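K.L.:
Could you work out the structure for the sequence below:
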Amino acid sequence: MDFSCFGVFESCKKDTQKQVQGISTNNVKVFSYNSLRLATGDFHPSNKIGGGGFGVVYRGVFKDGTQVATKCLSAESKQGTDEFLTEIKMISNTRHPNLVELVGCCVENNNRILVYAYLENNSLARVLLGSKSERIALDWPTRANICLGTASGLAYLHEEAEPHIVHRDIKASNILLDGNFQPKIGDFGLAKLFPDNVTHVSTRVAGTMGYLAPEYALLGQLTKKADVYSFGVLLLEIISGTSSSKAAFGQDFLLLVEWTWKLREQGRLLEIVDPELIQYPENEVLRFIKVALFCTQAGANQRPSMKQVVEMLSKEVNLNEKLLTQPGVHKFKNSQHFGSSSEETSEYKKAKQYVYS
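P.N.:
Residues are numbered from 1 along each chain as shown. All right, here's what the predicted structure looks like:
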């Protein structure tokens with residue numbers, strides 16, 4: 001999307017112009033702080049449409065009616081302007097139908113603002129898991145399309161983007177929806193703009209509790225398979241209409257993935273399906289649930305790649321359930337679980353000391 005035709009592109013200060021010369025492209029527009037301030041009503045609270053560990057998002061409207069989403073980053077990167085804009089250019093060149101479109105940025109004084117294409121239906125977290133007044137009824141074909149589209153976008157980041165990108169924070173609030181409920185992964189590559197100690201949780205591990213793979217949460221082992229785990233949790237949320245980080249199940253207050261495994265052992269898997277879903281193809285829904293369980297297995301090497309996940313979701317395949325093992329679960333402090341092991345290894349104990357030190 002070329003913002004130069006909107007009449008909103010303003011020249012930055014001379015020193016910034018020199019720094020961005022040769023970096024700004026048709027994919028990256030550099031906006032002045034004042035133009036974004038005016039578009040968002042001086043970043044008025046009434047225009048706030050989202051937020052998270054990396055910053056607050058405001059809806060902006062330019063004079064010609066063009067809408068954007070502006071993300072004011074909440075933490076300073078150690079990078080200088082040159083390095084920051086180089087990273088921005090890399091992210092903006094990573095394009096896919098299921099990735100949010102980054103159209104520009106602002107780098108003035110201490111301000112670091114990202115400008116995204118505006119998506120009418122906000123996030124999956126609001127539409128599916130939000131308050132009753134915010135929710136929109138999503139039928140099964142729409143939910144299945146969101147699952148498959150998100151998987152496709154993640155597979156692109158893992159396998160085709162250059163360099164390959166591990167998202168680190170796949171969750172419902174980072175899955176944005178356009179006017180047709182097509183999913184777009186947001187915040188991809190954003191973690192690359194910050195030092196490692198800038199996180200979403202109170203440890204050195206970036207991400208959101210309820211979605212974290214155990215080997216990443218406990219040992220700091222970050223691979224593509226950590227994203228696969230988070231996607232598996234997201235699948236269960238889409239199917240159940242329940243937030244993994246906010247709900248507990250049964251007398252033992254199980255997490256969503258634990259509860260799903262228990263229902264599988266009891267032959268009651270379909271009980272996880274959102275009661276709001278009145279009609280759905282049972283065989284397909286069961287396949288999606290099982291794919292989620294394959295994605296959340298305790299052993300990272302046992303989880304499929306996202307490319308395999310796309311195939312498993314899009315085709316009628318026979319899943320070899322004999323290969324399916326118990327999910328890995330990470331909980332805080334006295335409620336730690338790692339797969340089906342009942343004893344803590346010395347490495348596990350060291351990991352706990354590291355995480356909670």
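K.L.:
can we go C-alpha only for contacts and neighbour counts from here?
P.N.:
Will do.
K.L.:
Just the residues contacting the top helix by length along the chain, thanks.
P.N.:
For the chain, the helix with the greatest residue count under DSSP state H is helix 140-159. Outside helix 140-159, the residues that touch it by Cα atoms under 8 Å, 6 or more residues apart in numbering are 96-99, 164-167, 175, 181-185, 224, 231, 235, 238-239, 277, 279-280, 305-307, 309-310, 313-314.
K.L.:
how about the helices in the protein?
P.N.:
Using DSSP H, the helices of the chain run over 14-20, 33-39, 81-92, 124-129, 140-159, 214-219, 224-240, 256-265, 282-295, 306-314, 346-355.
K.L.:
Give the other helices and strands that the fourth one contacts.
P.N.:
In this case it means helix 124-129. strand 175-177 (3 or more Cα pairs under 8 Å, 6 or more residues apart in numbering; DSSP states H and E).
K.L.:
Distance from the strand it packs on to the middle of the chain?
P.N.:
On the basis of Cα atoms, centre = their mean, to the nearest Å, strand 175-177 sits 9 Å off its chain's mean C-alpha point.
K.L.:
Can you report how many residues neighbour the closest residue to residue 87 other than its chain neighbours?
P.N.:
Among residues not flanking residue 87 along the chain, residue 193 sits closest, at 6.9 Å (Cα to Cα, 6 or more residues apart in numbering). A count of nearby residues for residue 193, using other Cα atoms under 10 Å, gives 21.
K.L.:
Kindly report the same for residue 321.
P.N.:
By the criterion of other Cα under 10 Å, residue 321 has 11 neighbours.
K.L.:
ok, the closest residue to residue 119 other than its chain neighbours - contacts?
P.N.:
Among residues not flanking residue 119 along the chain, residue 178 sits closest, at 4.6 Å (Cα to Cα, 6+ apart). Residues in contact with residue 178 (Cα under 8 Å, 6+ apart) are 119-122, 184.
K.L.:
Give me the buried positions along stretch 281-299.
P.N.:
For stretch 281-299, burial by neighbour count (16 or more other Cα atoms under 10 Å) applies to 284-299.
K.L.:
Likewise for stretch 228-248?
P.N.:
Using 16+ other Cα under 10 Å as the test for burial, stretch 228-248 gives 228-244, 248.
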